[in-house]
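Engineer: model the structure of this input:
(one chain, ligands or ions: 1)
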Amino acid sequence: MRSKIVAGNWKMNLSQIQAQELCREVNRMNIGPGIEVYIFPPMLYVSDCRNQSTAVKVGAQNAYPEDNGAYTGEVSMWQLKEAGVEAVLIGHSERREYFRESNEFLKQKLDAALVHGIKPFFCCGEPLEIRENGTFLDYVKKQLEESVFHLSAEAFKQIVIAYEPIWAIGTGRTASTEQAEEMHVAIRSRISEQYGKEIAENTSVLYGGSCNPGNAQSLFACENVDGGLIGGASLKASEFAVLVSEETWTILN
Ligand code: PEP
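Structural biologist: The predicted structure is shown next:
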């Protein structure tokens, strides 16, 4: 059975004190049974959050594929592993767009994360013009084909996929349940073609993009949506608490 996951991407927000406080609050939340919760704090606070966390897992928002060397400003998967980091975001649209991360580079990151036993949350999703011209299913499949499908079946089993339509990230415009389910079905069936039905059925595919307490229940109730990667609403303890609560996950399921 695939895991149900709610993950908070704090992006480049919060002071150290605020991050520690939010981390404490998340760890005290009433998390619904069987729901795995991850937080992705800014890199500087990852160790603090790791040391403070008992109920939730801590990931990094980024890492460099080489283990060490002359890569000024970067942090490696190997270093993250030593700091106790359990997961890493790879392919977030903000990194693709602002830092020009290519599908080939993301592939290298994915390999490095897996070598060090860090769970990759691989993000994919289309920009607005691709949604509007109707080629979005092929666009997302290509992202998977170029960065992920070189993995062996054993390696692939370690990863979580997050579908994040770019037009929905931080915009307040969420995908409808039909749009989310259509894409999640397409992703799962492409995984099935590549790795077989059993692996596809056991892969968690999260939705991300303006997910909040007002829409999470219906999104999480979609058969192929296994939870959410949450930006804005993960910074507000009262909102994130709703997303991880049993009520959000049970009423419609
Ligand atoms: C994100 O950046 O991963 C995200 C989903 O952001 P938001 O929830 O703010 O749209």
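
Engineer: which parts of the protein are strands?
Structural biologist: For the chain, applying DSSP state E gives strands covering 4-9, 35-40, 57-60, 87-90, 119-124, 160-163, 205-208, 227-230.

Engineer: ok, the closest residue to E86 other than its chain neighbours - contacts?
Structural biologist: Closest residue in space to E86, ignoring its immediate chain neighbours: K57 at 4.6 Å, by CB to CB, 6 or more residues apart in numbering. (Glycine included, C-beta is placed from N, CA and C.) Shown in contact with K57 (CB atoms under 8 Å, 6 or more residues apart in numbering): 36-39, 86-87.

Engineer: got CSV for those, with neighbour count and distance to K4 too?
Structural biologist: Listed next are the contacts of K57 as CSV, based on neighbours: other CB atoms under 10 Å; distance: CB to CB, whole Å:
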residue, neighbour count, distance to K4
E36, 17, 7
V37, 23, 10
Y38, 25, 12
I39, 27, 16
E86, 17, 17
A87, 23, 15
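
Engineer: number of residues surrounding A175?
Structural biologist: 26 (other CB atoms under 10 Å).

Engineer: and for E145?
Structural biologist: By other CB under 10 Å, neighbour count at E145 equals 14.

Engineer: before we move on, what about G227?
Structural biologist: Neighbours around G227, by other CB under 10 Å: 29.

Engineer: if I read this right, it contacts A216, doesn't it?
Structural biologist: No - using CB atoms under 8 Å, G227 is not in contact with A216, being 9.2 Å away.

Engineer: right, and the strands of the chain - which one's nearest the ligand?
Structural biologist: Nearest of the strands of the chain to the ligand, taken as CB to the nearest ligand atom: strand 205-208 at 3.5 Å.

Engineer: show residues contacting that closest one.
Structural biologist: 5, 7, 9, 121, 123, 125, 160-164, 168-169, 175, 180, 184, 187-188, 219, 222, 224-231.

Engineer: hmm, 6 Å instead?
Structural biologist: Outside strand 205-208, the residues within contact range by CB atoms under 6 Å, 6 or more residues apart in numbering are 5, 161-164, 180, 184, 187, 219, 225-229.

Engineer: from those, list the ones also adjacent to the ligand.
Structural biologist: Restricting the contacts of strand 205-208 to those near the ligand by CB under 6 Å from any ligand atom leaves 164, 229.

Engineer: return a ChimeraX selection command for the buried portion of the contacts of strand 205-208.
Structural biologist: Buried members of the contacts of strand 205-208, defined by 16 or more other CB atoms under 10 Å, are picked up in ChimeraX with:
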select :5,161,162,163,164,180,184,187,219,225,226,227,228,229
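
Engineer: what about the closest residue to the ligand within the chain, how many residues close to it?
Structural biologist: Nearest residue of the chain to the ligand (CB to the nearest ligand atom) works out as G231 at 2.1 Å. Other residues lying near G231 total 23 when counted by other CB under 10 Å.
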